[in-house]
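Asks: no letters, just coordinates:
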Ligand SMILES: Nc1ncnc2c1ncn2[C@@H]1O[C@H](COP(=O)(O)OP(=O)(O)OP(=O)(O)O)[C@@H](O)[C@H]1O
């Protein structure tokens, strides 16, 4: 059963969990990747999604932000069933590591400004310059606003992509391994920014390889194994140098694996929700 579009009232959606997924199954090609996932993220929570390589973490977050259609189950985001009624402008999504630099020359500020374009919004809103500046400030890169992204380090490019999600001033931020392979100063800057925003009420769902600098912020951990939730509760105790129960994560994520191998990150997915944060044109 897939979601059926209804029109919940404003008061219902404001108090609804940020994410509610029930019985979610996803098939990619012939593979059955998610096998009945239930996940609820309440407002203001910081939920870490952990698990071994290939356990389905990216597939789950991409499903929640409307990039991959579930083959069964229901998903509600900010109180709305997955679809055009979700206020995608209130959802920030940072995909698993992709470069902020493209073959089209673009500055950090231009990439961040593109985060203000979504769905049917094809023009930058009034006051966009100040918002872009503020978002870059949040990730400690205000002084690099006019630098070409190709001149930034990998960690700085990742911070630009985080700023691109933050510029929306989202209620819900979904991040897929935001600090994997990122230098230490970028990790610390990121954790400090998250702490401030969470304090202001931001809800976060974050795929992590290890809790690392974010450990003090994480309120709950969900561990996936073979497409199923095998732990949902307090952060598991550190285990063998990693923070996930039965964690077998090997790293690093190479760009080819992330962007090309599965053919997912580079183009629209049939059935993906138009206007969802992962479906807009890349900067
Ligand atoms: N387009 C696709 N077609 C078929 N299988 C796919 C596709 N994309 C991903 N998969 C498979 O789905 C499974 C889950 O992948 P996913 O990227 O969601 O895992 P993950 O937990 O995020 O892994 P990692 O920690 O390595 O990023 C893997 O076995 C992967 O090979």
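Replies: Perfect, I can see it now. Remember, predicted model here, so these are calculated numbers, not experimental data. Residues are numbered from 1 along each chain as shown.
Asks: CA only for contacts and neighbour counts going forward, please
Replies: Fine.
Asks: and residue 108, how far from the ligand?
Replies: Using C-alpha to the nearest ligand atom, to the nearest Å, one obtains 26 Å as the distance from residue 108 to the ligand.
Asks: now residue 65
Replies: Residue 65 is 13 Å from the ligand, by C-alpha to the nearest ligand atom.
Asks: residues touching residue 141, list them.
Replies: By C-alpha atoms under 8 Å, 6 or more residues apart in numbering, the contact list for residue 141 reads 156, 159, 160.
Asks: and which of those residues is nearest residue 96?
Replies: Taking C-alpha to C-alpha as the measure, residue 96 sits nearest to residue 159 out of these, at 12.5 Å.
Asks: pretty sure that closest one sits against residue 142.
Replies: No. Contact criterion C-alpha atoms under 8 Å: residue 159 and residue 142 do not qualify, at 11.0 Å.
Asks: when the two are compared, which one has more neighbours?
Replies: Taking neighbours as other C-alpha atoms under 10 Å, residue 159 and residue 142 compare with residue 159 leading, 30 against 16.
Asks: just give the closest residue to the more buried one, not the sequence neighbours.
Replies: residue 139 (5.9 Å; C-alpha to C-alpha, 6 or more residues apart in numbering).
Asks: OK, contacts around residue 234?
Replies: Counted by C-alpha under 8 Å, 6+ apart, residue 234 has contacts 219, 220, 221.
Asks: swap that for residue 41, sorry
Replies: 17, 18, 19, 20, 47, 203, 205.
Asks: my guess is the second one meets residue 201, correct?
Replies: No. Assessed by C-alpha under 8 Å, residue 18 is found out of contact with residue 201, at 11.6 Å.
Asks: what residues are shared contacts of those two?
Replies: residue 43.
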